[in-house]
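Trainee: Just to be clear, the model below is a prediction. Sequence and coordinates:
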Amino acid sequence: MSYWDPSALLKLYVAESDSGVFLALASATPRLVTAFIGKHEARAAFHRRETEQVLSPGGGDACYKKLVHDINLGRLEVVPESTQLEDEFGRILAQCFSQTPPIFVRTNDALHLAAAKVAGETEFLSADGRQRAAVALLGFTVLPAAP
């Protein structure tokens, strides 16, 4: 299993220039993991892509339905909000902000990192450059190797 940030998940549902890399990584993994918030972030991103006319009208809803279908099939596992997640979130914030120079991790990025830790993942997929610095600090294998 591997943890998928919404920036990476999006590429499985919306054709982008680097989607092939992410599709290949997904096909090599029996189950993908994301946080409870990932589903909502992906939904917002689908609608943004529709507004940007990357997706046709109704495409945002169609992508979201596919995502929910993958969750229902168990292909995408969602880490729920929990006390354990909240505790890990606090540890990650402390670790990132105590670096010299500090890694200014964003709230949602820290939640995703905490969810990956709680799920016991070792691989973290992200297309977000800022997030990838925190991912590396926390000892995950960052995929893809070069965004």
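Mentor: All right, it came through fine.
Trainee: Would you mind listing the buried residues in the least confident helix or strand in the chain by mean pLDDT?
Mentor: Ranked by mean pLDDT, DSSP states H and E, the weakest helix or strand in the chain is helix 129-137, scoring a mean of 86. Neighbour-count burial for helix 129-137, with 16 or more other Cβ atoms under 10 Å as criterion, is recorded at 131-135. Every residue, glycine included, has its C-beta placed from N, CA and C.
Trainee: Same check on stretch 90-103?
Mentor: For stretch 90-103, using 16+ other Cβ under 10 Å, the buried residues are 92-93, 95-96, 103.
Trainee: State the mean pLDDT of that stretch.
Mentor: For stretch 90-103, the mean per-residue pLDDT is 95.
Trainee: which residues sit against the least confident helix or strand of the chain?
Mentor: With contact meaning Cβ atoms under 8 Å, 6 or more residues apart in numbering, helix 129-137 is reached by 5, 7, 92, 95-96, 99, 103-106, 109-110, 112-113, 124, 126, 142, 147.
Trainee: In contact with the residue of the chain most remote from its centre: list those residues for me.
Mentor: Largest separation from the mean C-alpha position in the chain: T100, at 25.8 Å (Cα atoms, centre = their mean). If a contact means Cβ under 8 Å, 6+ apart, then T100 has no contacts.
Trainee: Then D70?
Mentor: Contacts of D70 by Cβ under 8 Å, 6+ apart are 32, 76.
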